[in-house]
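A.B. asks: coordinates only, sequence not included:
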């Protein structure tokens, strides 16, 4: 048979990544279970299942290199399971290294390659498996592939006539693609014999049809039943495999009816993330078109206007429901992000010689997938910063009366239309006075302005480029590199970053983020003939003032607001729209900049509205001070401002 495996490549890559991610997380949990006295047996069993699934899928896809390394990892876990107890850090190190290697090989397979096995990692795995079994490792004994991992896919077809086996398999109810599993079974059986019959047939399986998740195949082969069964067990998601001699006389009557399977959970289907993005764009366009229709209806005569508005109201309700359903489909639990953090902290702690545990709560909260993609790197940076700069070494912690193992907590909670993500540690804390001195020495802020800042804003000085109190630069986090990007990233998403810290007690970073980045409330303002938008999440308030009557400091008018003073900038001047009016009362929007609050003087406040945000492309994405674009109901495009970049020196 000539089988085209390329059509299953995307599924193989997707499921392999899921198993490898679970393998990585499980190894960290296994190490922690050993340290905490927890029974490691269930975790080891789970790890074995993931390694076995990767091996089986790779063998079915004829990716012998991946199957080989996965088989060696499975051997180590199998030896660990037979020995019992928790492994040492060296075993976990080797298995994590193997997981990373396999992940890289899967990426190469996704690009159409067939990567060769990593001999060095395979040898390390063999050595660990031998040590766990109490056997002396054999040098150079890893060059030959493990037969059980790769041999069945390459076995020549030489079945003698007259010997026929009947194979019946059943796919797990939890499998999202049972017909694909059945097709892989049929493909593997075609490699080891001549297929005489198949119910359902290959064409039905290709079309996604597999009644009762059951496949019955008869083949002519020279292989014993035990080896056929062992070969099929390499395929994931099979609930049952039965191999026996076929009847000489084939009955014409249908098989006995099977009992009705229990009710299954809601059916799911894998959808490409790009397709959901396209759906969201189309739904957003429909919302804008609906607003445009409403605007046009205002110019129609009164009798027709009422009917027009009723129709638009009905259309808007349908479109908003459609938009909401697309957004619901894009919602993803935070576990996609937080599950990776214990591994990252574990690796960094090993490199720095520290003891760190990570505790995650609230990871079941769902947020927009697009937002999850954007905050992944900032959250990882905050975690690495906590481990590298926040948590002290074991000796320092013991001297300070703390446990030798540092604790980093990652918690999430939902407040109305926001998600609050906190990363805290019980380490040395931050020194506000040292930050003031570092910011002044760097020239990021004047001495008088630094002295006047409240402590909450002083801690945010750590987010200015190059400002840090760390004397030692590491390859993990250097002098202030990255915290400015974390703050800017949060603000670009319509959120903000705040910091609380106590010397010797610890530090907490809090990210307040919207649940979705597709729609945000904005404040519309007019400057000359231009209409611009400012994210409401960045607005602290508004006031009216005569700029020429305000006291000046540092070259800018100072407006009294909230018990302090904020510098006021003319928005038209910042945008290069021409000189500001010489006199008269101006509206001032108090918003957030990198170094604290700032005021933006505008000609008119036009009100607040929900905006469908679209990213900027081409040269516009390089213009400082612009973050996105939206379209008003009259069809007019409006730029959304990035205030922090706009007022940055």
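C.D. replies: Received the coordinates, thanks. Small disclaimer: the values here were computed from a predicted structure and weren't measured.
A.B. asks: who's the closest spatial neighbour of residue 359, skipping the chain neighbours?
C.D. replies: Distances taken as Cβ to Cβ, 6 or more residues apart in numbering put residue 409 closest to residue 359, at 4.9 Å, once the chain neighbours are dropped. C-beta coordinates here come from the backbone N, C-alpha and C atoms, glycine included.
A.B. asks: state the mean pLDDT of the helix or strand that neighbour falls within.
C.D. replies: Using DSSP states H and E, residue 409 sits within strand 406-415. Averaged across strand 406-415, pLDDT comes to 92.
A.B. asks: how far does that strand sit from the chain's center?
C.D. replies: Centre-to-centre, strand 406-415 and its host chain are 17 Å apart (Cα atoms, centre = their mean, to the nearest Å).
A.B. asks: in its sheet, what does that strand sit against?
C.D. replies: Using DSSP bridges, the strands paired with strand 406-415 are strand 356-361 (parallel), strand 418-425 (antiparallel).
A.B. asks: among the ones you listed, which is nearest residue 107?
C.D. replies: Residue 107 sits nearest to strand 356-361 of all those, at 26.0 Å, using Cβ to Cβ.
A.B. asks: any stretches of the stretch 1-150 of the chain with poor pLDDT?
C.D. replies: 1-5, 36, 135-150 (pLDDT under 70).
A.B. asks: please repeat the previous calculation with a cut-off of 80.
C.D. replies: Applying pLDDT under 80 to the stretch 1-150 of the chain flags the ranges 1-8, 34-38, 60, 85-86, 134-150.
A.B. asks: roughly how far apart are the closest residue to residue 336 other than its chain neighbours and residue 275?
C.D. replies: Of all residues not flanking residue 336 in the chain, residue 372 sits nearest, at 6.1 Å (Cβ to Cβ, 6+ apart). As judged by Cβ to Cβ, to the nearest Å, residue 372 and residue 275 stand 17 Å apart.
A.B. asks: these two: which is more packed in?
C.D. replies: residue 372 (19 against 10; other Cβ atoms under 10 Å).
A.B. asks: my read: that one touches residue 338, true?
C.D. replies: No. Contact criterion Cβ atoms under 8 Å: residue 372 and residue 338 do not qualify, at 10.3 Å.
A.B. asks: count the neighbours of residue 563 for me.
C.D. replies: 6.
A.B. asks: pLDDT score for it?
C.D. replies: Listed pLDDT for residue 563 reads 75.
A.B. asks: that older thread, quick check: beta-bridge partners of the residue nearest to residue 359?
C.D. replies: Applying DSSP bridges to residue 409 yields these beta-bridge partners: residue 359, residue 424.
A.B. asks: now do the same contact list for it.
C.D. replies: 358-361, 422-425 (Cβ atoms under 8 Å, 6 or more residues apart in numbering).
A.B. asks: cool, and residue 83?
C.D. replies: Applying Cβ under 8 Å, 6+ apart, the residues contacting residue 83 are 132-133.
A.B. asks: residue 319: what's it in contact with?
C.D. replies: Counting by Cβ under 8 Å, 6+ apart, residue 319 makes contact with 283, 286-287, 290.
A.B. asks: related to what we said a few turns ago, export the contacts of residue 409 as CSV, with columns for neighbour count, distance to residue 298 and pLDDT.
C.D. replies: Putting these into CSV (neighbours: other Cβ atoms under 10 Å; distance: Cβ to Cβ, whole Å; pLDDT from 0 to 100) gives the following:
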residue, neighbour count, distance to residue 298, pLDDT
358, 24, 56, 91
359, 11, 56, 92
360, 17, 51, 92
361, 13, 50, 92
422, 19, 46, 94
423, 24, 49, 94
424, 21, 52, 94
425, 27, 56, 94
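A.B. asks: farthest pair in those residues?
C.D. replies: 361 and 425 (14.9 Å).
A.B. asks: give me the domain ranges for this protein.
C.D. replies: Per automatic domain parsing, the structural domains of the chain span 6-154, 164-245, 277-331, 334-514, 519-647.
A.B. asks: now the ones you listed in TSV, with distance to residue 271?
C.D. replies: Listed next are those as TSV, based on distance: least, Cβ to Cβ, whole Å:
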stretch	distance to residue 271
domain 6-154	11
domain 164-245	11
domain 277-331	7
domain 334-514	11
domain 519-647	21
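A.B. asks: residue contacts, residue 330?
C.D. replies: Residue 330 neighbours (Cβ under 8 Å, 6+ apart): 276, 280, 368-370, 516.
A.B. asks: same deal with residue 605?
C.D. replies: Contacts here follow Cβ under 8 Å, 6+ apart; on that basis residue 605 touches 523-525, 542, 587, 589.
A.B. asks: which SS state does it fall under?
C.D. replies: Assigned with DSSP: H, G, I helix; E, B strand; the rest coil, residue 605 falls in the strand class.
A.B. asks: got the phi/psi numbers for residue 544?
C.D. replies: Dihedral pair for residue 544: phi -120, psi 140, per degrees, to the nearest 10.
A.B. asks: the stretch 151-300 of the chain: helices as residue ranges?
C.D. replies: Ranges of helices within the stretch 151-300 of the chain are 178-192, 202-206, 225-232, 273-297, based on DSSP state H, counting those that start in this stretch.
A.B. asks: mean confidence (pLDDT) on the following helix or strand past the last one, please.
C.D. replies: If I follow you right, that is helix 273-297. Per DSSP H and E, the first helix or strand lying C-terminal to helix 273-297 is helix 302-330. Helix 302-330 comes out with an average pLDDT of 84.
A.B. asks: cool, stretch 636-649 as well?
C.D. replies: Averaging pLDDT along stretch 636-649 gives 81.
A.B. asks: give me the contacts around it.
C.D. replies: Applying Cβ under 8 Å, 6+ apart, the contact partners of stretch 636-649 are 487-488, 491-492, 522, 524, 531-535, 538, 569, 574-575, 591-594, 598, 600, 611, 613, 624-632.
A.B. asks: mind checking which of the residues you listed are buried?
C.D. replies: 487-488, 491-492, 522, 524, 531-535, 538, 569, 574-575, 591-594, 598, 600, 611, 613, 625-632 (16 or more other Cβ atoms under 10 Å).
A.B. asks: next step: those residues restricted to strands.
C.D. replies: Residues of the buried ones among the contacts of stretch 636-649 located in strands (DSSP state E): 522, 524, 531-535, 569, 591-593, 598, 600, 611, 626-631.
A.B. asks: mind checking how far residue 297 is from residue 283?
C.D. replies: Distance check for residue 297 against residue 283: by Cβ to Cβ, it reads 21 Å.
A.B. asks: who's more crowded, these two?
C.D. replies: More neighbours surround residue 283 than the other of residue 297 and residue 283, with 20 against 17 (other Cβ under 10 Å).
A.B. asks: who touches the nearest residue to that one once chain neighbours are set aside in this structure?
C.D. replies: In space, residue 283 comes closest to residue 323 once its chain neighbours are excluded; the distance is 4.1 Å by Cβ to Cβ, 6+ apart. Going by Cβ under 8 Å, 6+ apart, residue 323 touches 280, 283-284, 286-287.
A.B. asks: tell me the one of those nearest residue 380?
C.D. replies: residue 280 (25.5 Å).
A.B. asks: so what pLDDT did residue 245 get?
C.D. replies: Residue 245 is assigned 85 on the pLDDT scale.
A.B. asks: do the same with residue 481
C.D. replies: Looking at residue 481, its pLDDT reads 43.
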